[in-house]
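Chemist: The sequence and its predicted three-dimensional model are supplied below.
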Amino acid sequence: MEDKDINQKFFGLITMFAGATWQFLGKVPNQMDGKISVDLKAAQMYIDVLEMLREKTKGNLTSKEESLLAETISSLQLNYADEAAKPQDKKEPAPPEACKCGCGKENCDCEKKDETANCGCDK
């Protein structure tokens, strides 16, 4: 292998870990459901794996592979720091409690009655 080459399996491994990290940083949507979510613990775990990979492969990579790995880690770390600095209280409001009669209506007034009372809804 010439020094200018990047092993395609190595490239695939790095991009797989990076892609998952971008997803956990909330920078790209989840491929399964299309939603954006942030999981900083998972993002940090993937960054740690890439750093471990850099340490364990030291001296065995081409200069292009070393650059790919170093630039990927650096970019992910900068974005992690940016995301970690944001307030993390982006919790969605809790859904309204289901009514006691089971009708599922948000405006059902059965909450004011006991569980066995008829709330007057269509159920």
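Modeler: Nice, I can see it.
Chemist: Residue for residue, what is the longest helix the chain has?
Modeler: The helix spanning the most residues in the chain, taking DSSP state H as the definition, is helix 63-85.
Chemist: Check the gap between F11 and T21 for me.
Modeler: 16 Å (Cβ to Cβ, to the nearest Å). For every residue, glycine as well, the C-beta is placed using N, CA and C.
Chemist: what's the pLDDT at K35?
Modeler: pLDDT for K35: 92.
Chemist: tell me the average confidence for the helix or strand containing T15?
Modeler: Assigned by DSSP states H and E, T15 belongs to helix 8-24. Summarised as a single mean, pLDDT over helix 8-24 is 97.
Chemist: Same question for stretch 53-60.
Modeler: Rounded mean pLDDT across stretch 53-60 is 96.
Chemist: number of nearby residues for the residue nearest to Y46 when sequence neighbours are not counted?
Modeler: Nearest non-adjacent residue to Y46, counting by Cβ to Cβ, 6 or more residues apart in numbering: T21, 4.2 Å away. Neighbour count of T21, defined by other Cβ atoms under 10 Å: 26.
Chemist: my guess is T21 meets I47, correct?
Modeler: Yes: using Cβ atoms under 8 Å, T21 makes contact with I47 at a distance of 6.1 Å.
Chemist: Identify the contacts common to these two.
Modeler: Residues touching both T21 and I47 (Cβ atoms under 8 Å, 6 or more residues apart in numbering): L76, Y80.
Chemist: Run through who's touching stretch 49-58.
Modeler: L13, I14, F17, A18, T21, E65, L69, A70, T72, I73, L76.
Chemist: For the residues you listed, work out which two are farthest apart.
Modeler: Pairwise distances across the contacts of stretch 49-58 peak at 18.3 Å for T21 and E65 (criterion: Cβ to Cβ).
Chemist: mind listing what A18 touches?
Modeler: Y46, L50, T72, L76.
Chemist: repeat for Y80
Modeler: T21, L25, L40, A43, Q44, I47.
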